[in-house]
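K.L.:
Provide a 3D model corresponding to the input given below.
(chains A and B)
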Amino acid sequence: MVELLAQTCLNALYAASYMSLVAVGLVLIFGVMGVINFAHGELFMLGAYAVVALYADLQLPFLFAVSAGLVFVGVVGLGMERALFRPLRNNPLGGLVASIGFLMILQALAVMGFGVRMEHVPPVTQEVITFSEKVHLAMPRLFVIIAAVILLTALWAFLTKTRFGWALRASAQDPEAAALQGISINQTSRIAMFIGAGLAGVAGALTAPLVSVNPHMGHSVIVTAFIVIIVGGVGSLEGAVVAAVAYSLVHTFVTTFYDGVIADIVGLSLMLLVLIVKPTGLFGTADRA
Amino acid sequence: MLLEMRNASISYGKVSAIRNISMRVPEGAIVTIIGANGAGKSTTLRAFSGLEPLQAGEIHFNGKRIDRLPAHKIVGEGIAHVPEGRRIFPDLTVEENLRTGAFLRRDKTGIETDLEAAFARFPRLRERRRQLAKTMSGGEQQMLVIGRALMAKPKMLLMDEPSMGLAPIIVEEIAGIIEELNAQGMTVVLVEQNAQLALDLANYAYVLETGDMALEGPAGELHDNEHVRAAYLGV
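P.N.:
Below is the predicted model of the structure:
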């Protein structure tokens, strides 16, 4: 029993790792730009396909493929900022709708490029860390956990210790006052979009060997991401991480002990509960919600 | 003349905020704009810092035309704006707030020196340097935004109603700070509803009434002006 709990915790930790990357990216974009990026799940999918193309098809090193995936999806994010969100800056609802249109374009491109069937990406290593007879952690999953810790720590350092980090946060809190310090909203939007999209892309790239890669894989990711950021508090980055961990723990445990559908129901009920008891989310502040 | 506004007009849609306003701010002076609520004082200040576009007229600063520049470029020209209602970054610490003021600067040593100077000028900010700005009192927040503006090493400071909502003793402190800054060479444009405070501090004053320039003159003269005394000094 203890072993089952331990194994489930490891599984949950893995899920929490890539979900926090996705959720934090989504919150960053919303916080700085005020726009809800519905295409975020497809940016995740794009990162996965980058690994399919570079690592599985072209046999390039996995780490290189993941890094290239991060940069590539980040650049796609920059394109989205310039072409979709900037022209619609005064119309957040329009930005949301535009992002829905864009996600369909991305899905269609994936289908055209790779077909509808699921891609299988061979894992980098078949090694498994064995803690005991019933408790093990596959190395590829450990990579995801380690990568998430490194990336989130780097993001934290960027946001709290660099001038662009302060600028980003300032811009999210009061764009006009930020402009008075010389911080341009175009600049902070670009940074937020690159990082936010890049995080979704790298999450997709890292998990590509562990999931079935297909053009519609973004759908479940975005739904979970929205639940996570609503529970965590829509303006809060720390909330996104905490909620990602909490949600993944709950979801993984319920899936293990019951089944996946019930896990989904429990997850959504959790979100409803938070919305009723504290509508701004666990860490959220009233203004942004 | 450091700052000059010529025949400026601003409307919000069909509503005219200021009409044909002209002002001059000499280097090293404290110039004030006084007037009732809604007279157009803040609008004028916001025009200087690029937050409001002009429908007509021009603004020149330091020999350069600035009224077409976006707000984030105007700081770079040497104008720092302490906005109405303080406008701290609530979820940044005191120190982070101050550092955002230095965003455009690349001289790391200079920034650290100026940060120290800010804490020396405002000891209460040093005490609270790691606190979130939103947890501070109104007076402390006012000092924070003045400190933040100074971190840009501006040639000119625009101050929009610094006394608003503050206890008289804090207002006195802030008046002292403005005087001190000016004595050290800072040009100040002060918008105030508190006409007494404004006329005590300033060299020259402009009186706005519902978007028009009603009066202007040396502060001392305006202080003795019958209309000003009746309408704004409560005498």
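K.L.:
helices of chain B, residue ranges please.
P.N.:
For chain B, the helices defined by DSSP state H occupy B:41-48, B:71-77, B:94-101, B:108-121, B:123-127, B:138-150, B:168-183, B:195-201, B:219-224, B:226-232.
K.L.:
got the residues of chain B near chain A?
P.N.:
B:49-51, B:70-73, B:75-76, B:80-81, B:83, B:87-92, B:96, B:99-104, B:148, B:152 (C-beta under 8 Å from any C-beta of the partner chain). For every residue, glycine as well, the C-beta is placed using N, CA and C.
K.L.:
from these, list just the buried residues.
P.N.:
Restricting those to buried positions leaves B:49-51, B:71-72, B:75, B:80-81, B:83, B:87-92, B:96, B:99-104, B:148, B:152, with burial counted as 16 or more other C-beta atoms under 10 Å in any protein chain shown.
K.L.:
elements contacting the worst-scoring helix or strand of chain A on mean pLDDT?
P.N.:
Least confident helix or strand, chain A: strand A:128-130 with a mean of 83, by mean pLDDT, DSSP states H and E. Contacts defined by 3 or more C-beta pairs under 8 Å, 6 or more residues apart in numbering or on different chains; DSSP states H and E place strand A:128-130 against strand A:136-138, helix A:139-161.
K.L.:
relative to chain B, which of these is closest?
P.N.:
Across these, chain B has its closest neighbour in helix A:139-161 (7.8 Å, C-beta to the nearest C-beta).
K.L.:
hmm, who's touching that closest one?
P.N.:
Residues outside helix A:139-161 that contact it (C-beta atoms under 8 Å, 6 or more residues apart in numbering or on different chains): A:10, A:13-14, A:17-18, A:20-21, A:24, A:66, A:123-129, A:164-166, A:168-169, A:195, A:199, A:202-203, A:206-207, A:209-210, A:237, A:241, B:96.
K.L.:
can you say which of the residues you listed are buried?
P.N.:
Among the contacts of helix A:139-161, those classed as buried by 16+ other C-beta under 10 Å are A:10, A:13-14, A:17-18, A:20-21, A:24, A:66, A:123-124, A:165-166, A:168-169, A:195, A:199, A:202-203, A:206-207, A:209-210, A:237, A:241, B:96.
K.L.:
from those, which ones fall inside helices?
P.N.:
Taking DSSP H as the definition of helices, the buried ones among the contacts of helix A:139-161 contribute A:10, A:13-14, A:17-18, A:20-21, A:24, A:66, A:165-166, A:168-169, A:195, A:199, A:202-203, A:206-207, A:237, A:241, B:96.
K.L.:
ok, back up a step: can you put the helices and strands packed on strand A:128-130 in TSV and add mean neighbour count?
P.N.:
Shown next, in TSV, are these (neighbours: other C-beta atoms under 10 Å in any protein chain shown):
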stretch	mean neighbour count
strand A:136-138	17
helix A:139-161	17
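K.L.:
okay if I get these as a markdown table plus mean pLDDT and distance to B:F119?
P.N.:
Compiled in a markdown table, the helices and strands packed on strand A:128-130 are given as follows (pLDDT from 0 to 100; distance: least, C-beta to C-beta, whole Å):
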| stretch | mean pLDDT | distance to B:F119 |
| --- | --- | --- |
| strand A:136-138 | 87 | 49 |
| helix A:139-161 | 93 | 19 |
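K.L.:
for A:A56, find the nearest of the ones you listed.
P.N.:
Evaluated with C-beta to C-beta, the helices and strands packed on strand A:128-130 place helix A:139-161 nearest to A:A56, the distance being 13.5 Å.
K.L.:
got the angle between that closest one and helix B:94-101?
P.N.:
80 degrees (axes from the mean of the first three to the mean of the last three C-alpha atoms, to 10 degrees).
K.L.:
distance from helix A:139-161 to the middle of the chain?
P.N.:
12 Å (C-alpha atoms, centre = their mean, to the nearest Å).
K.L.:
can I get that helix in CSV, CA atoms only?
P.N.:
Taking Å, rounded to 0.1, in the frame of the first residue of the first chain, the C-alpha atoms of helix A:139-161 are listed here in CSV:
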residue,chain,number,x,y,z
MET,A,139,14.5,8.1,-16.6
PRO,A,140,12.6,10.0,-19.3
ARG,A,141,10.1,11.0,-16.6
LEU,A,142,12.9,12.1,-14.3
PHE,A,143,14.2,14.3,-17.1
VAL,A,144,10.8,16.0,-17.3
ILE,A,145,10.8,16.6,-13.5
ILE,A,146,14.4,17.9,-13.5
ALA,A,147,13.8,20.1,-16.6
ALA,A,148,10.7,21.6,-15.0
VAL,A,149,12.6,22.4,-11.8
ILE,A,150,15.4,24.0,-13.7
LEU,A,151,13.2,26.1,-16.0
LEU,A,152,10.9,27.3,-13.2
THR,A,153,13.8,28.2,-11.1
ALA,A,154,15.4,30.1,-14.0
LEU,A,155,12.1,31.9,-14.6
TRP,A,156,11.8,32.8,-10.9
ALA,A,157,15.4,34.2,-11.0
PHE,A,158,14.6,36.1,-14.2
LEU,A,159,11.4,37.6,-12.7
THR,A,160,12.8,38.6,-9.3
LYS,A,161,16.4,39.5,-10.1
